[in-house]
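Q: Got a sequence here, can you build the structure:
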Amino acid sequence: MTLPPHIPGQNARPPEGSIPTGVNEGKRLFAKGYFWEAHEAWEPVWMDLEEDSAERALVQGMIQIANARLKLVMGRAKAAARIAEIAERHLSDAGSLDGADWARREMESLMADVGKKGAV
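A: Sure thing, here's the model as predicted:
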């Protein structure tokens, strides 16, 4: 993306339809600090997955990790900590699916950063 990462209340959203969807696309965006955009890339994937499936829990956990990261960027460490707890529950429901290792590593990094902000 050539635009800066979207931060609600601080800058404009990317144009509708400009964010490619998919798990790998979301991971690429996430790695570059585009947390809102990663959430947007993952949401259609999540919506297409079977209710109450481990796969859906994993993608929901990834979405919540991105949401918590965005809250940290916005200076809302307590909100990030609360959302991280939700992400943790989803990752627990995901079990040991492919991709869960990536999400758990990101979760550990997130919790360390939330702790540094004094929200845990």
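
Q: The spatially most central residue of the chain and residue 33, how far apart?
A: Nearest residue to the geometric centre of the chain (CA atoms, centre = their mean): residue 66, 2.0 Å. Separation of residue 66 from residue 33 (CB to CB, to the nearest Å) stands at 10 Å. To be clear about C-beta, it is placed using only N, CA and C from the backbone, and glycine gets the same treatment.

Q: just to revisit the earlier point, looking at the residue nearest to the centre of the chain now. What's its pLDDT?
A: pLDDT for residue 66: 98.

Q: now swap in the one 10 residues further on and tell me
A: Per-residue confidence at residue 76 stands at 95 (pLDDT).

Q: pLDDT weak spots in the chain?
A: Within the chain, the stretches with pLDDT under 70 are 1, 118-120.

Q: Now do the helices in it.
A: 23-31, 35-48, 54-73, 77-94, 100-116 (DSSP state H).

Q: re earlier: quick check, the residue nearest to the centre of the chain in contact with residue 41.
A: No - in this structure residue 66 lies outside contact range of residue 41 using CB atoms under 8 Å: 9.1 Å.

Q: Between these two, which contacts overlap?
A: residue 26 (CB atoms under 8 Å, 6 or more residues apart in numbering).

Q: What count of nearby residues applies to the spatially closest residue to residue 64 that is not a sequence neighbour?
A: Excluding the flanking residues, the one nearest residue 64 by CB to CB, 6 or more residues apart in numbering is residue 87, at 3.6 Å. The number of residues packed near residue 87 is 23, by other CB atoms under 10 Å.

Q: do you know how far residue 87 is from residue 115?
A: 15 Å.

Q: re the thing from before, CSV for the helices of the chain, including distance to residue 7?
A: Shown next, in CSV, are those (distance: least, CB to CB, whole Å):
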stretch, distance to residue 7
helix 23-31, 14
helix 35-48, 7
helix 54-73, 6
helix 77-94, 14
helix 100-116, 16
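
Q: quick one: which of those helices is nearest residue 15?
A: Ranking those by proximity to residue 15 (CB to CB) places helix 35-48 first, at 11.7 Å.
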